[in-house]
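Student: Got a sequence here, can you model it:
(one chain, ligands or ions: 1)
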Amino acid sequence: MALTAYKEKREFDKTPEPKGTVKASKSKLTFVVQRHHASHLHYDFRLELQGVLKSWAVPKGPSLNPKDRRLAMMVEDHPVSYATFESDIPAGNYGAGHVDVWDHGTYEPIDEDAKVITPTEFAQNLSNGSIKFRMKGKRLKGDFALVNMKKDEKSWLLIKHRDKYATDEAYDSEDYTKKSSLAYTAKRNKDKAVKKK
Ligand code: MN
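Tutor: Numbers count the residues shown, from 1 in each chain. This next block holds a predicted model:
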């Protein structure tokens with residue numbers, strides 16, 4: 001795993017994004033979903049694997065409704081430190097626009113039978129174009145799949161499995177944007193602190 005493409009696309013004296021290195025989290029595998037209001041609003045879905053964040057841009061955002069098959073375009077690996085990035089990428093830079101953390105937490109790689117597998121096995125499944133994983137986030141919980149559409153390497157579908165966390169209601173990530181973002185939490189904590197004074 002390397003961050004060559006990530007670094008090539010960015011000028012780090014012009015963007016506040018982390019330069020980052022290939023470095024795994026200390027214990028559990030992490031994930032982040034970032035709401036990225038660039039020229040087109042989308043959600044960046046990132047799963048830590050082998051010291052980087054494997055990344056997909058999901059135009060409509062993730063869904064907890066198993067009937068939804070959300071298009072997910074694979075993009076370049078990001079550094080693990082990107083998971084806490086929330087800021088404005090200035091105009092003129094790659095991905096210019098606002099980035100908010102929409103959800104974050106840990107995940108477990110699983111196999112077809114929902115049994116936990118090793119990161120090495122998971123990486124093999126990824127290169128075969130089909131992965132399953134169990135998410136432990138605040139918004140995203142339970143089992144999901146990402147499946148390559150085979151028409152090209154970059155087009156995948158993000159699908160929720162039917163479990164106790166699934167919903168049959170229409171699911172729009174935008175409905176959950178503000179309350180789940182770190183920017184929102186930071187502001188709320190600040191407001192609370194001001195009230196105490
Ligand atoms: Mn993006």
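Student: Dig out what Arg35 forms beta bridges with.
Tutor: Tyr43, Asp100 (DSSP bridges).
Student: Does it touch Gly97 like I think?
Tutor: No - contact criterion CB atoms under 8 Å: Arg35 and Gly97 do not qualify, at 10.0 Å. Quick note: C-beta positions are derived from backbone N, CA and C, even for glycine.
Student: The residue in the chain positioned nearest to the ion: what's it in contact with?
Tutor: Relative to the ion, the nearest point of the chain is His36 (3.7 Å; CB to the ion). The contact partners of His36, by CB atoms under 8 Å, 6 or more residues apart in numbering, come to His42, Tyr43, Asp44, Ala57, Gly95, Gly97, His98, Val99.
Student: Recalculate using a threshold of 7 Å.
Tutor: By CB atoms under 7 Å, 6 or more residues apart in numbering, the contact set of His36 is His42, Tyr43, Asp44, Gly95, Gly97, Val99.
Student: what's the burial count for the last one?
Tutor: Okay, so that is Val99. When neighbours are defined as other CB atoms under 10 Å, Val99 has 22 of them.
Student: just the fifth one next, same as before
Tutor: Burial of Gly97 is recorded as 16 neighbouring residues (other CB under 10 Å).
Student: got the phi/psi numbers for it?
Tutor: The phi/psi pair for Gly97 (degrees, to the nearest 10) reads phi 140, psi -180.
Student: Tell me which stretches of the protein form helices.
Tutor: Here the chain has its helices, by DSSP state H, at 4-8, 119-127, 177-180, 182-196.
Student: At the contact with the ion, which residues of this structure appear?
Tutor: Residues of the chain lying close to the ion (CB under 5 Å from the ion) are His36, Asp44.
Student: If you rank every helix and strand of the chain by mean pLDDT, what lands last?
Tutor: Least confident element among the helices and strands of the chain, by mean pLDDT, DSSP states H and E: helix 182-196 (a mean of 58).
Student: Am I right that Gly97 is in contact with Leu41?
Tutor: No - here Gly97 does not reach Leu41: they are 8.5 Å apart, not a contact under CB atoms under 7 Å.
Student: Which neighbours do these two have in common?
Tutor: By CB under 7 Å, 6+ apart, no residue touches both Gly97 and Leu41.
Student: Check the gap between the most centrally placed residue in the chain and Ala5 for me.
Tutor: Nearest to the mean C-alpha position of the chain, counting by CA atoms, centre = their mean, stands Phe45 at 2.4 Å. From Phe45 over to Ala5 the distance is 17 Å, taken as CB to CB, to the nearest Å.
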